[in-house]
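Trainee: Task: produce atomic coordinates for the following.
(chains A and B)
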Amino acid sequence: MKGLRNITLLLLLAGSAAVYSGCSSGPSSDELAQLDQLKSEVESLKKEVASKEAEKASLEAQVKQKKDDLATAENNQKLTQERLKSQQ
Amino acid sequence: MKTRILTLFAFLLVVATVSSAQEKLSKEDWQSQITQYTSQRDNLKSRLASLTKDIDGLRSTLASLDKQIQAVRDETLAMTGANDATRKDFEDRLKVLEGRIAALLTLSDQDLYARRLEIDSVQAIKNNLKKERIAAAERYYERLQKIQSNIDNLRATLASVKTVATMEEHYVVRSWSKYHDCLWNISKKKKIYDNPFMWPKIWQANRDQIKDPDIIRIGEHLKIPPAGGLTVAEKRAEQKYWSQKHS
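Mentor: Predicted coordinates:
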């Protein structure tokens, strides 16, 4: 009699726990997949942005160098003009 | 006993089930995360579009700068009246000159002294090149300046060699005990004749000081005539010396 009571108690406890965990409202598996996809898309975009930022920084440095080169070329042109005048 | 085991089992079952339920995402949390990640994605997409636009703009600026630089360089070269053929010809002559100067720079001081006239020759070639209009272009002007700097270095080396050579036109006698100075040994010195058999040359050039070639005095300033074979008079004096010594 006592054993039967224990088994009944055990089943009741297990049943209530199962109901508590399994029947509470949560996202469906499709919704969870949607969240995972969104997360991976964000990660991929972060990497792409980092790569583009590095590319932009490199191009900015190149532009700066080219501007210096242009200034040097223009200066050389002036110097050449002066030398040609002094040759005459 | 059996009851206790069952109770413990039931307790563990409940704990495991409840904790597993706690790990699961609630609908509200899911919604919140969806909203958060969607916003983040949209921001990143917008940033990416902005970066792509900036990069395209920078590429375009770079191409434009390249064109401008080339245009200025072409214009500068055109000012000198040079074309491809004259430019190549000038560069070839520059290279030859640079090669000659590089060869002179590798010479020992003595060899440079022997070829000292070549320095004047390369200087003349450089001066002529500098007179050409194309020489005013920066790229050639800098090379010509480097050439001039190397010629100046050669001249400086030559000047120091000349100083040594001038010093060697005289020799101050030092002690026999320490330096073993005698006409034979002085003549043997590398900086004098590098040949002991030339001693009569020093003797004959210093007859006013040296009566007996076996006797020279400390502190005497000996004239050192230019190198070359013994003259007839020097040979005769040497023969006389040996015949007197053996008689």
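Trainee: For chain B, which segments count as strands?
Mentor: B:170-172, B:221-223 (DSSP state E).
Trainee: Give the partner strands of the first one in its sheet and their orientations.
Mentor: Sheet pairing for strand B:170-172, assigned by DSSP bridges, gives strand B:221-223 (antiparallel).
Trainee: got a list of contacts for the partner strand?
Mentor: B:169-173, B:186, B:202, B:205-206, B:209-210, B:216 (CB atoms under 8 Å, 6 or more residues apart in numbering or on different chains). All C-beta atoms are positioned from the backbone trio N, CA, C, and that covers glycine.
Trainee: and if we set it to 6 Å?
Mentor: Applying CB atoms under 6 Å, 6 or more residues apart in numbering or on different chains, the external contacts of strand B:221-223 come out as B:170-172, B:202, B:205-206.
Trainee: just how off-centre is that strand within its chain?
Mentor: 41 Å (CA atoms, centre = their mean, to the nearest Å).
Trainee: To what extent is B:A136 buried, counted in neighbours?
Mentor: If you count neighbours by other CB atoms under 10 Å in any protein chain shown, B:A136 ends up with 23.
Trainee: ok, it touching A:T80?
Mentor: Yes. Using CB atoms under 6 Å, B:A136 is in contact with A:T80, at 5.0 Å.
Trainee: circling back: in TSV: the contacts of strand B:221-223, plus pLDDT, distance to A:S28 and neighbour count.
Mentor: Compiled in TSV, the contacts of strand B:221-223 are given as follows (pLDDT from 0 to 100; distance: CB to CB, whole Å; neighbours: other CB atoms under 10 Å in any protein chain shown):
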residue	pLDDT	distance to A:S28	neighbour count
B:H170	82	112	10
B:Y171	88	112	21
B:V172	90	112	10
B:I202	93	117	23
B:A205	91	119	15
B:N206	93	121	19
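Trainee: what's the most distant pair in these?
Mentor: B:V172 and B:A205 (14.8 Å; CB to CB).
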